[in-house]
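Q: Here is a sequence together with a model predicted from it:
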Amino acid sequence: ITKENILKMKDSIKAKAGQPETHNNYLSHIRAVYNKALKDNMTYREFKFDTDYFEKTNKHSKKLKTNKPEDIALAIERIKIKSTHRSARGYAVRDLEAIGFWLLKFAMRGVYGKDIVSLSANQRDFNYQYYITHQKDGSTKDQMARGNPYFLDHRRHKTGNMMRLWINLPPIGGLIYVLRRLVAQTHPNLSYLSFEDLSKPYQELIKKPGYDELRIFRHDSKIDIKADENLWNNFNKHLRKLDVYSFESARKSFNTTARILGIEEGIKKTLIAQTDHSIQRHYDNYNDPELVALVQLAHLRIMRHFNIIELYELWLRKIEELFGAQNQELYVGESSDFVYREQLARLEGVLKIDKTKISKDPFWVEKSIISY
């Protein structure tokens, strides 16, 4: 760590048309590593990170990049198989995956890639492992387990804050179902399902050690850092080619939609699991049932305003158009306006549920996710 190397880094980022924030982010991480090394007596060389090593930023005129529903719709329409070569088909699939993951991140309140990678059925409100055991044993009777079958308690990667996600809310389940199968074909080294798994019957599939119906990827983003970065960077390239802003824009688009709808700031922060640094955090109990209901209501309103159902079904139709795969069960079959009004009518009852019926129906869990 020298002044000369820091200036070289600054020039390198400028040469690649990088933003000042990128340089400052790198430098902040370097400083954190240096301070840790100093604290642990791994170095004794004093180095001062002068303020002029950081780039000046104009926060007031910075333009936030967000997408509107019509931007996503146009991007889906742009996806084509441009030649008869096998690689052209693979490229089109990755275009579809990129859009699918953008929609999933938005629908899950603007989570990041690492949150998608760590997504697991073990985060469900009921005992998922008990369900798996029940499916494998010889009993035929339905069982009851404690917990709500509609919710997932996901701890957000960046802040560690808990997100109580309505996992059955359409089209989240359908997106997960399809993306698991696409990723199995395009990313065999990272995919949770193997290509061979796609043709296995359900009773054989659940014999997979620690079977998890929500996992899309099998790698650990905290350990396989380079592979994870390459994965999302590649998908981001496909988004740019389709004229869609990066995955970070899914979070900003979700947040901006909340602002347009006039959703109260505390509810908005709870929705996206952002840490509230205001004094209100000492007074507002977002575990109160009425506030929990307001958070879920806000989620419904944002999904409805963004026409997420129409975008999801447009995405499904594009898959059918290009590859001929058809699965009518994956379609919601109604508009965002209709679907979320129906979900609103169910909300009070859904929140009161504290028991989960576990059935021997071989597709019970997947049905519980993708059926509406």
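A: Arrived safely.

Q: only C-alpha atoms for contact and neighbour calcs from this point on.
A: Noted.

Q: Asn233 in helix, strand or coil?
A: The three-state label given to Asn233 by DSSP: H, G, I helix; E, B strand; the rest coil is helix.

Q: which residues touch it?
A: By CA atoms under 8 Å, 6 or more residues apart in numbering, the contact set of Asn233 is empty.

Q: Can you report how many residues neighbour Glu77?
A: When neighbours are defined as other CA atoms under 10 Å, Glu77 has 12 of them.

Q: what helix or strand is it on?
A: helix 69-78 (DSSP states H and E).

Q: Give the buried residues for whatever helix or strand comes next after that helix.
A: Using DSSP H and E, the next helix or strand after helix 69-78 towards the C-terminus is helix 86-107. Applying a neighbour-count criterion of 16 or more other CA atoms under 10 Å, the buried positions in helix 86-107 are 89, 91-107.

Q: Now the most centrally placed residue in the chain: closest residue in space that isn't a chain neighbour?
A: Centroid-nearest residue in the chain, with CA atoms, centre = their mean: Lys105, separated by 3.4 Å. Excluding the flanking residues, the one nearest Lys105 by CA to CA, 6 or more residues apart in numbering is Val111, at 5.3 Å.

Q: OK, contacts around Cys307?
A: No Cys there; residue 307 is Asn. Asn307 is in contact with Pro69, Ser335, Ser336, Asp337, counting by CA under 8 Å, 6+ apart.

Q: Pull the contacting residues for the first one.
A: Pro69 makes contacts with Phe306, Asn307, Ile308, Leu311, as judged by CA under 8 Å, 6+ apart.

Q: And Ile319, by the same measure?
A: Ile319 is in contact with Leu96, Ala325, counting by CA under 8 Å, 6+ apart.

Q: One more: Ser249?
A: Listed by CA under 8 Å, 6+ apart, the contact set of Ser249 reads Lys65, Thr66, Asn67.

Q: Name the helix or strand for it, please.
A: Going by DSSP H and E, Ser249 is in helix 248-260.

Q: Can I get that helix in CSV, CA atoms only?
A: Output of helix 248-260 as CSV, limited to C-alpha atoms (Å, rounded to 0.1, in the frame of the first residue of the first chain):
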residue,chain,number,x,y,z
GLU,A,248,-28.6,-3.4,-8.6
SER,A,249,-31.4,-1.5,-10.4
ALA,A,250,-33.9,-4.2,-9.3
ARG,A,251,-33.5,-2.9,-5.7
LYS,A,252,-33.6,0.7,-6.8
SER,A,253,-36.6,0.1,-9.0
PHE,A,254,-38.4,-1.6,-6.1
ASN,A,255,-37.5,1.2,-3.7
THR,A,256,-38.5,3.9,-6.3
THR,A,257,-41.9,2.2,-6.8
ALA,A,258,-42.4,2.3,-3.1
ARG,A,259,-41.7,6.0,-3.0
ILE,A,260,-44.1,6.6,-6.0
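
Q: Next, the angle from it to helix 86-107.
A: Compare the direction of helix 248-260 with that of helix 86-107 by axes from the mean of the first three to the mean of the last three CA atoms, to 10 degrees and you get 30 degrees.
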